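A.B. asks: How does the following fold in three dimensions:
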Amino acid sequence: ETSHKCEQATAARQATAACSSVCAGLISQILIPLRSTDRLSKAAALCGQAMGPHSSSKRCSALQSGSSVNPVGLAFYRASRERYRSRPARVCRCAGSSQQPADADASAAELPQQQHDEEAWDYVAPDYVLQRNAQFGQQIRGRVLLAPLTKGGNLPFRRLCCDFDPELSTVSEMAFARQLLKGDRVEKARLYKAHNEQCFGVQIATNNIAEGVKAAAVAQEAGAAWLDINCGCPIHEATKRGLGAALLRKPTKLAKMVAGITAQVDLPVTVKIRTGESEKKINAARVVGLLQQAGAAAVIIHGRTMEQRYKKAADWQLMADIVQQHSSLPIIGNGDILTHYEAADRWQSTGVAGVMVGRGALIKPWLFQEIREGRELQLTAADRVGVYRQLASYMKEHFRDDSWGKRKAFYFLPWHFSFFCRYRPLPADVYQQQSQQHPLIATRADLVDPRLGEDLDSLPLAERLLRCENEAAHNPIADVIWDSSSDAEALQQLQALAAQQLADWEQDLKASSRGESGADLSVEG
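C.D. replies: Residues are numbered from 1 along each chain as shown. Next up, the predicted model:
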């Protein structure tokens, strides 16, 4: 009896070894791509066919019955171990390591590519996607676009910008696709389109193909001409969910998602990215190449990394290099455009298909007319009051002109004055050369500029008030703009307000440190 049991144990061990050897090859090719719920039943069938006479052994019976003791587990372990052993070697960069391999420099040069090459991806976009992209490319080339602006890109503000350029292409505020599909009212409101938005795109944040496809259908119903996928938002609210700029960490996975969405929707799909996660992980060129392969109709590049946010100047030279590498794909350049001559310089020096303006438009919405006409509109305080009152009237139409409507509108209107107050005249003969050295939008402007013949004593009170950067002044200014019945009345009340409180606001501002505005940190999606 003991001898019989030993023979059975030996036969079982042989069956296990044989089954494991066969399964190791099958798993790597067939089983691993399957869902976990399908693997066990599929493995049982494969092992039963491969084992022949051993398929009736107790081990295979246990496998088919779902027992945790089976040769497939061993096969999975062996397959995983082989994949781990065959991984590319990495260069040791430990602080205490004194020895380096002979080919350390070559390995170090290849290391970033090895880290990003998750797997080879051989994909060709369908013909109908390419044809759709070709038509969209003809429409978007040569255009100026308004960037998707968190809080600032509300419908009344986009409508105001379109007044200054009827051919302006606009993009909605970023909408979280998951919440949008759940019927969230705030996310749905981001998709509303103004009547004068002739080329309107909807931007979504997603990392899921099914979500993107469904959100595209919602955007199309809302009147969108194209869908933009946000891969550039640096705020924690997005990146902690694996959205926004966090998607740049895995370029191939991002490209597969974009390919899955573009193949199933009717709208052209663009992607807005940053140059990378950090200065040490700049991978925009690789990301753009994969997105082109995935079927993206255009790529919008914000020339800073996720970690930089707005702390450094946008890298337009990198954009120029990417344009040369991918000349057939429309590349839209974005970052640090405040004047018409900066837009022209960036456009001509890089060869981008178009330029996108964000914070510059928040400072002066008439910038789009300046770019279109190639000249500066030096608006007086009275002229700007008229523009701001126009924005307030659009907000009254959108939110309604009552106490509840004003409450909703004042979530936006005083905030807009944190950008309006930064307006200064910037004539090309004084500032163009300076703008080529450092972006004007990143240069802190004083209250007056003697080069323009300005001095504090001769500056009108209303002008000084509109330039006041103290946030305490913005709500009273917004109240005057909202309640006035005419531009002249608004200007008169602003002068009275300045006579009463401007000195205190300016004194408080001098006493406090003027750092970078918090609004800049997350304004562009």
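A.B. asks: What residues sit buried inside stretch 456-469?
C.D. replies: Under the neighbour-count criterion of 16 or more other Cβ atoms under 10 Å, stretch 456-469 has 462, 463, 464, 465, 466, 467, 468, 469 buried. For the C-beta atoms, the positions are set from N, CA and C on the backbone; glycine is no exception.
A.B. asks: Let me have these in JSON lines, extended by pLDDT, secondary structure and distance to residue 272.
C.D. replies: Supplementary listing: the buried residues of stretch 456-469 in JSON lines, determined by pLDDT from 0 to 100; DSSP: H, G, I helix; E, B strand; the rest coil; distance: Cβ to Cβ, whole Å:
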{"residue": "462", "pLDDT": "96", "secondary structure": "helix", "distance to residue 272": "38"}
{"residue": "463", "pLDDT": "97", "secondary structure": "helix", "distance to residue 272": "36"}
{"residue": "464", "pLDDT": "96", "secondary structure": "helix", "distance to residue 272": "38"}
{"residue": "465", "pLDDT": "97", "secondary structure": "helix", "distance to residue 272": "36"}
{"residue": "466", "pLDDT": "98", "secondary structure": "helix", "distance to residue 272": "32"}
{"residue": "467", "pLDDT": "97", "secondary structure": "coil", "distance to residue 272": "32"}
{"residue": "468", "pLDDT": "96", "secondary structure": "coil", "distance to residue 272": "33"}
{"residue": "469", "pLDDT": "95", "secondary structure": "coil", "distance to residue 272": "29"}
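A.B. asks: which of these lies closest to residue 282?
C.D. replies: Among those, residue 469 lies closest to residue 282 (Cβ to Cβ), at 33.2 Å.
A.B. asks: Quick check, that closest one in contact with residue 419.
C.D. replies: No - using Cβ atoms under 8 Å, residue 469 and residue 419 do not qualify as a contacting pair, with a distance of 10.2 Å.
A.B. asks: Would you mind measuring from the residue lying closest to residue 213 once chain neighbours are set aside to residue 278?
C.D. replies: Counting by Cβ to Cβ, 6 or more residues apart in numbering, residue 213 lies nearest to residue 264, which is 4.7 Å off, once chain neighbours are set aside. With distances defined as Cβ to Cβ, to the nearest Å, the gap from residue 264 to residue 278 amounts to 33 Å.
A.B. asks: same deal with residue 391?
C.D. replies: Counting by Cβ to Cβ, the gap from residue 391 to residue 278 is 37 Å.
A.B. asks: Show me which of these two is the more surrounded one.
C.D. replies: Set side by side, residue 391 and residue 278 give different neighbour counts by other Cβ atoms under 10 Å, the larger being at residue 391 (23 against 11).
A.B. asks: Where does the more buried one fall, secondary structure wise?
C.D. replies: Using DSSP states H and E, the element containing residue 391 is helix 381-399.
A.B. asks: mind listing what's buried in that helix?
C.D. replies: When burial is assessed from 16+ other Cβ under 10 Å, helix 381-399 yields the following buried residues: 381, 384-385, 387-392, 394-396, 398-399.
A.B. asks: before we move on, back to that, dump the buried residues of stretch 456-469 to CSV, plus distance to residue 136.
C.D. replies: Formatted as CSV, those follow (distance: Cβ to Cβ, whole Å):
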residue, distance to residue 136
462, 45
463, 43
464, 46
465, 45
466, 40
467, 41
468, 43
469, 40
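A.B. asks: of those, closest to residue 438?
C.D. replies: Nearest member of those to residue 438, counting by Cβ to Cβ, is residue 469, at 20.1 Å.
A.B. asks: Roughly how far does the closest one sit from residue 476?
C.D. replies: When distances are taken as Cβ to Cβ, residue 469 and residue 476 turn out to be 14 Å apart.
A.B. asks: again, but for residue 224
C.D. replies: When Cβ to Cβ is the yardstick, residue 224 and residue 476 sit 38 Å from each other.
A.B. asks: now do residue 504
C.D. replies: Look at residue 504 and residue 476: by Cβ to Cβ, they are 12 Å apart.
A.B. asks: Of the two, which one has the most company?
C.D. replies: When neighbours are counted by other Cβ under 10 Å, residue 504 and residue 476 differ, and residue 476 comes out ahead with 18 against 12.
A.B. asks: For that one, which non-adjacent residue is spatially closest?
C.D. replies: Distance criterion Cβ to Cβ, 6+ apart; nearest residue to residue 476, sequence neighbours excluded, is residue 497 at 5.9 Å.
A.B. asks: go on, residue 390?
C.D. replies: Beyond its immediate neighbours in the sequence, the residue positioned closest to residue 390 (Cβ to Cβ, 6+ apart) is residue 160, lying 6.1 Å away.
A.B. asks: Now the one you found: which helix or strand?
C.D. replies: Residue 160 is part of helix 155-164 when elements are defined by DSSP H and E.
A.B. asks: Then residue 195?
C.D. replies: Assigned by DSSP H and E, residue 195 belongs to neither a helix nor a strand.
A.B. asks: likewise residue 170?
C.D. replies: Using DSSP H and E, residue 170 falls in strand 169-171.
A.B. asks: So for that strand, mean pLDDT?
C.D. replies: Taken as a whole, strand 169-171 has an average pLDDT of 97.
A.B. asks: Name the next helix or strand following that strand along the chain.
C.D. replies: With elements assigned by DSSP H and E, the helix or strand that comes after strand 169-171 is strand 175-176.
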